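[1] A predicted structure for the sequence below; I have some questions about it.
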There are 2 protein chains.
Amino acid sequence: MTASGLRERKKLRTRAAIQKEAMRLFLEKGFDETTIEDIAEAVEISPSTFFNYFPSKEAVVFQDDLDPLIIKAFEAQPHDVNPIRRLRVAMRTVFSNLTPEQESLIRRRTQLFMSTPELRGAMLSQFADLVDQVAELLAERVGKSKSDFAVRNMAGAVLGVLLASMLVLMRDPKADMIKAADSALEHLEAGLPLEWKE
Amino acid sequence: MTASGLRERKKLRTRAAIQKEAMRLFLEKGFDETTIEDIAEAVEISPSTFFNYFPSKEAVVFQDDLDPLIIKAFEAQPHDVNPIRRLRVAMRTVFSNLTPEQESLIRRRTQLFMSTPELRGAMLSQFADLVDQVAELLAERVGKSKSDFAVRNMAGAVLGVLLASMLVLMRDPKADMIKAADSALEHLEAGLPLEWKE
DNA sequence: CTCTAAGTTTGGAGTTACTATAAATACCAG
DNA sequence: CTGGTATTTATAGTAACTCCAAACTTAGAG
């Protein structure tokens, strides 16, 4: 479907190029300091074309090829395990199988994310979608609809703790966000006791 | 200090006027369709002055006189009760004591909020602050610091479920968000069981 | 190969949020 | 009333986006 005509291949290449150059510039100079024109110039397209591919500057940063991987790792586990644990294991699996470059990119990207108010903002717009996705994962197990109240609420809690765990990056950009996310889910899995080891 | 000179009184009045007119216009015409110039004109100030009072268009919508009330209602309860329940009761108390106009305004504002991507975005920027505030409420009870991991994680979960419960407004603008928020906390208080009554 | 239909890129003109700055105006204290 | 200070305002500028029509590129039919 999204197969190989010259047209499609070209589009994919352009899209990838925009993303690559944009991320490079954002990490190099900062998000605000990089203009659409800078990006367009680096990719050798016109600024107009940028908007053919992405609706906004924020949108470029947003897109994680990780989600599908995590979902797959989630599905791969025995279905009778606590879904929070499954999610936790899934995330760990995915993160530990990244190449160093991938991991480094993700870390820097997340850091950029949390330190740029506009990007943090854009994240919440994704919150809705993420709740849907997580709800879908959870729903399957209990044989309920993904729009079931309890399922969605649980999904909200999952994202809430993950988000909260990312906040440490705002103060301490060198914090290990992967470990933080894992601890957050571990704590949630344990029922969020206020007495907690570490 | 912020006492009575003509100057101070005028500033307060201007600020209030901006907020009132801006909200009126947003609700009347929509957020995007209202320009800063529209607001300035309605308040009879210059556009420049708008920015003396609010750093951005979004900032006008954002300011809830409710937070302090909820905190007060929270403090007013016996300190040995489960903090989630306390928060829940606090919110219920505050909401049920609003005048009909206040309640209507809040409902419409929340609705505006959830239906406008830019505003939803701005909300997450507040997420950080809210985690702090909720963490502070929770911390007191267990005699831990508000920057304690478990406390902050719990705060994240609280906000996560509240946020998720607000998402229904995106599909169904007439949903009762107060009831939704209450159910969300009720469910969290019960330990987020996936088997759930309603 | 050629011609046409359709998709894609581009430039240009316009809108709006927001910043910086310096001039004008309103308040206040002596 | 006068001079210093806070506040408002106009002006000019930047950058993200939108709209649109013109130029160009590819796909496919004949």
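    On my side now, so go ahead.
[2] okay, CA-based contacts and neighbour counts for the rest of this
    OK.
[3] can you point out the buried residues in the longest helix along chain A?
    Ranked by number of residues, the top helix in chain A under DSSP state H is helix A:117-142. For helix A:117-142, burial by neighbour count (16 or more other Cα atoms under 10 Å in any protein chain shown) applies to A:117-125, A:127-128, A:130-139.
[4] report the inter-axis angle for it versus helix B:117-142.
    Helix A:117-142 and helix B:117-142 are oriented at 70 degrees to each other (axes from the mean of the first three to the mean of the last three Cα atoms, to 10 degrees).
[5] how about helix A:117-142, does it reach chain B?
    Yes. Figure legend: helix A:117-142 in contact with chain B (Cα under 8 Å from any Cα of the partner chain); contacting residues A:117-118, A:120-125, A:128, A:131, A:142.
[6] stretch A:57-75 too?
    No. Stretch A:57-75 does not reach chain B (Cα under 8 Å from any Cα); its nearest approach is 11.3 Å.
[7] contact partners of the host helix or strand of residue A:84?
    Assigning secondary structure by DSSP states H and E places residue A:84 in helix A:83-96. With contact meaning Cα atoms under 8 Å, 6 or more residues apart in numbering or on different chains, helix A:83-96 is reached by A:66, A:69-71, A:73-74, A:77, A:103, A:137-138, A:141, A:178, A:182, A:185-186, A:188-189.
[8] contacts only, for the residue nearest to the spatial centre of chain A.
    The centre of chain A sits closest to residue A:64, judged by Cα atoms, centre = their mean, with a distance of 5.0 Å. Taking Cα under 8 Å, 6+ apart as the contact definition, residue A:64 lies against nothing.
[9] then the one 3 residues further on?
    For residue A:67, the set of contacting residues under the criterion of Cα under 8 Å, 6+ apart is empty.
[10] give me the three-state assignment for it.
    Three-state call for residue A:67 (DSSP: H, G, I helix; E, B strand; the rest coil): helix.
[11] separation between it and residue A:183?
    Distance, residue A:67 to residue A:183, using Cα to Cα, to the nearest Å: 19 Å.
[12] and if you look at residue A:63?
    Between residue A:63 and residue A:183 the computed distance is 24 Å (Cα to Cα).
[13] mind checking which of the two has more residues around it?
    For residue A:63 against residue A:183, the residue with the higher neighbour count under other Cα atoms under 10 Å in any protein chain shown is residue A:183, and the figures read 20 against 9.
[14] quick one: the helices in chain A?
    In chain A, the helices defined using DSSP H lie at A:6-29, A:36-43, A:47-53, A:57-61, A:66-75, A:83-96, A:100-115, A:117-142, A:149-166, A:168-171, A:177-189.
[15] just name the most buried of those helices.
    Highest mean neighbour count among the helices of chain A (mean count of other Cα atoms under 10 Å in any protein chain shown): helix A:149-166, with a mean of 27.
[16] what's the angle from that helix to helix B:177-189?
    With the same axes, to 10 degrees defining the directions, helix A:149-166 sits at 80 degrees from helix B:177-189.
[17] close to chain B, is helix A:149-166?
    Yes. Helix A:149-166 lies in contact with chain B when judged by Cα under 8 Å from any Cα; the contacting residues are A:149-165.
[18] show me what that helix is packed up against.
    Using 3 or more Cα pairs under 8 Å, 6 or more residues apart in numbering or on different chains; DSSP states H and E, the elements in contact with helix A:149-166 are helix A:117-142, helix A:177-189, helix B:149-166, helix B:177-189.
[19] so which residues on chain A come close to DNA strand D?
    Residues of chain A that fall close to DNA strand D, judged by Cα under 7 Å from any atom of the strand: A:5-7, A:32, A:34-37, A:48, A:51, A:55-58.
[20] out of the helices and strands packed on helix A:149-166, which comes closest to residue A:16?
    Comparing the helices and strands packed on helix A:149-166 against residue A:16 with Cα to Cα, the closest turns out to be helix A:117-142 (19.8 Å).
[21] the closest one near DNA strand C anywhere?
    No. Helix A:117-142 lies out of reach of DNA strand C by Cα under 7 Å from any atom of the strand, never closer than 10.0 Å.
[22] quick one: distance of that helix to the chain centre.
    Here helix A:117-142 is found 10 Å from its chain centre; the criterion is Cα atoms, centre = their mean, to the nearest Å.
[23] which one of the residues of helix A:117-142 next to chain B is nearest DNA strand C?
    For the residues of helix A:117-142 next to chain B, the closest approach to DNA strand C (Cα to the nearest atom of the strand) belongs to residue A:118, at 10.0 Å.
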